[in-house]
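Novice: Pasting the sequence and the predicted model now:
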Number of protein chains: 2
Amino acid sequence: MSTDGGLHVGIFVFDEAEELDVVGPFEVLAAWAEHSDIKPHVNTFSRDGGGVRLAKGMRLVPARSADDVGPLHLLLYPGGWGTRTMLADHRHLEWLRYMRAQTPIVASVCTGALVLAAAGLLSGRPATTHRDHYDELATIDPSIVVDTEARFVDDGDVVTSAGVSAGIDMALHLVARLESPDVARAIKRAIQYEPNSPI
Amino acid sequence: MSTDGGLHVGIFVFDEAEELDVVGPFEVLAAWAEHSDIKPHVNTFSRDGGGVRLAKGMRLVPARSADDVGPLHLLLYPGGWGTRTMLADHRHLEWLRYMRAQTPIVASVCTGALVLAAAGLLSGRPATTHRDHYDELATIDPSIVVDTEARFVDDGDVVTSAGVSAGIDMALHLVARLESPDVARAIKRAIQYEPNSPI
């Protein structure tokens, strides 16, 4: 796949996807364009291009539909309660396998990994998810090597992160891997990502 | 102000507000409802209730307009490039002073502090903002005591945070203060906020 026209990132959104699962990585990856020579284009997209209502009620209007999102270098799949509907939708899982076959990297945040697992994309691979859902991940596909320690697991063409806010760390890692640690550090500085939880 | 009907949080959104400034605190504060006895209601609102296009292109449809958001216990003001338009809008600054007079806590994320400053709300007070904008904050109102070390500054009825991702830490602090550290820790666990930047 060529990156002549810039590197294309698509963040899939759906009803009841978790807000920060979507926007944490979006913020990092969209900030990337401001610090990069490789011109990443970052778009959200929903199945039909229509607006979605996220897990805690926020309404988001995506930039694209699945039909017009075009070839991607990186497909990001968030988690949230809406994954329950998606992982039971055989047509959707078929679409996901189709996307997987032509997308160099598929990455999930939180329970997004459950949908990847249901589509068979994590078979025999190391992966992680939100810590409350390790058993569920292993039940969907017992061949998955569930990593219960990692903030994210990079298995090359498939990358999975732990719960919700872990998507920010995974996104910074993806920038460091796809461009350089220096560019990832510039983004980290721009979003002042020096977490210091008060509790 | 009574909290009998639950505690009301309003997150103001506007064109070119920064995505994570909005959604970081939203995620924490909306998760609060799932872990609390005091029933916080968290809504986004825009000036006219219409959709907004955030700083990196994400389109969000708020739940309310400024006219129908109702009395708030906590008003949260995000940063982003759109603050430049807001801080030059005298009608908006007048509205902000009106809201301040009847809202127990006004909190800003990142360059949201510049708008609070332009409205005169930070006069003679300690405050912070994104680290690239300390000078701008002091220029808008030289009486502000700019804290260049803090992740967030709690000055009682006015709370300001550092850049972008610092809004997450400030929101956790506000939950700890308004309810309890235990509830804040439950939210932290739910969103798996154990940051571990890879770079």
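Specialist: Perfect, I can see it now.

Novice: Where does pLDDT dip in chain A?
Specialist: Scanning chain A for pLDDT under 70 picks out the ranges A:1-4.

Novice: In it, what residue spans correspond to helices?
Specialist: Ranges of helices in chain A, per DSSP state H, are A:19-32, A:83-87, A:90-102, A:112-118, A:134-140, A:166-178, A:181-190.

Novice: For the shortest one, buried residues please.
Specialist: Applying a neighbour-count criterion of 16 or more other C-beta atoms under 10 Å in any protein chain shown, one finds A:83, A:86-87 buried in helix A:83-87. C-betas here are computed from N, CA, C, even on glycine.

Novice: what bridges to the residue nearest the centre of chain A?
Specialist: Nearest to the mean C-alpha position of chain A, by C-alpha atoms, centre = their mean, lies A:Leu76 at 2.8 Å. As for beta bridges, A:Leu76 partners with A:Ile11, A:Ala107 under DSSP bridges.

Novice: list the contacts for it?
Specialist: A:9-12, A:25, A:29, A:107-109 (C-beta atoms under 8 Å, 6 or more residues apart in numbering or on different chains).

Novice: TSV for these, including neighbour count and distance to A:Val146?
Specialist: Shown next, in TSV, are the contacts of A:Leu76 (neighbours: other C-beta atoms under 10 Å in any protein chain shown; distance: C-beta to C-beta, whole Å):
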residue	neighbour count	distance to A:Val146
A:Val9	26	26
A:Gly10	25	26
A:Ile11	30	24
A:Phe12	28	23
A:Pro25	27	21
A:Leu29	24	26
A:Ala107	28	17
A:Ser108	32	13
A:Val109	34	16
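
Novice: hang on, the earlier thing: let me know which of the helices of chain A is tucked in deepest.
Specialist: Of all those, helix A:19-32 has the most neighbours on average by mean count of other C-beta atoms under 10 Å in any protein chain shown, namely a mean of 29.

Novice: what angle do that helix and helix A:181-190 make?
Specialist: Interaxial angle, helix A:19-32 versus helix A:181-190 (axes from the mean of the first three to the mean of the last three C-alpha atoms, to 10 degrees): 120 degrees.

Novice: Name the nearest residue to A:Leu96, ignoring sequence neighbours.
Specialist: Spatial nearest neighbour of A:Leu96, chain neighbours left out: A:Ala119 (4.3 Å); criterion: C-beta to C-beta, 6 or more residues apart in numbering or on different chains.

Novice: List the contacts of that neighbour.
Specialist: A:Ala119 makes contacts with A:93-94, A:96-97, A:100, as judged by C-beta under 8 Å, 6+ apart.

Novice: what does A:Ala63 give?
Specialist: A:43-45, B:57, B:59.

Novice: Out of these, which end up buried?
Specialist: Buried members of these, counted by 16+ other C-beta under 10 Å: A:43-45.

Novice: which among these are in contact with chain B?
Specialist: The subset of the buried ones among the contacts of A:Ala63 within reach of chain B, by C-beta under 8 Å from any C-beta of the partner chain, is A:Thr44.

Novice: Just the residues contacting stretch A:93-106, thanks.
Specialist: By C-beta under 8 Å, 6+ apart, the surrounding residues in contact with stretch A:93-106 are A:1, A:66, A:71-75, A:77, A:87, A:115-116, A:118-121, A:157-159, A:174.

Novice: rerun that using 10 Å as the cut-off
Specialist: Contacts with stretch A:93-106, where a contact means C-beta atoms under 10 Å, 6 or more residues apart in numbering or on different chains, come from A:1, A:3, A:7-10, A:12, A:47, A:66, A:69, A:71-77, A:86-87, A:89, A:112, A:115-116, A:118-122, A:154, A:156-160, A:174, A:177-178.

Novice: Output the buried residues of helix A:83-87 in TSV; the columns should cover distance to chain B.
Specialist: What follows is the buried residues of helix A:83-87, written out as TSV (distance: C-beta to the nearest C-beta, whole Å):
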residue	distance to chain B
A:Thr83	15
A:Met86	20
A:Leu87	20
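
Novice: A:Leu74 against A:Val28, yeah?
Specialist: No: using C-beta atoms under 10 Å, A:Leu74 makes no contact with A:Val28, being 11.9 Å away.

Novice: Tell me who's in contact with the nearest residue to A:Glu27 once chain neighbours are set aside.
Specialist: In this structure, A:Glu27 finds its nearest non-sequential neighbour in B:Leu20, 3.9 Å apart by C-beta to C-beta, 6+ apart. By C-beta under 10 Å, 6+ apart, the contact list for B:Leu20 reads A:20, A:23-24, A:26-28, A:30-31, A:168, A:191, A:193, B:26-27, B:54-56, B:78-80, B:109-110, B:163-168.

Novice: so which of the contacts of A:Ala119 comes closest to chain B?
Specialist: Ranked by distance to chain B (C-beta to the nearest C-beta), those are led by A:Leu96 at 22.9 Å.
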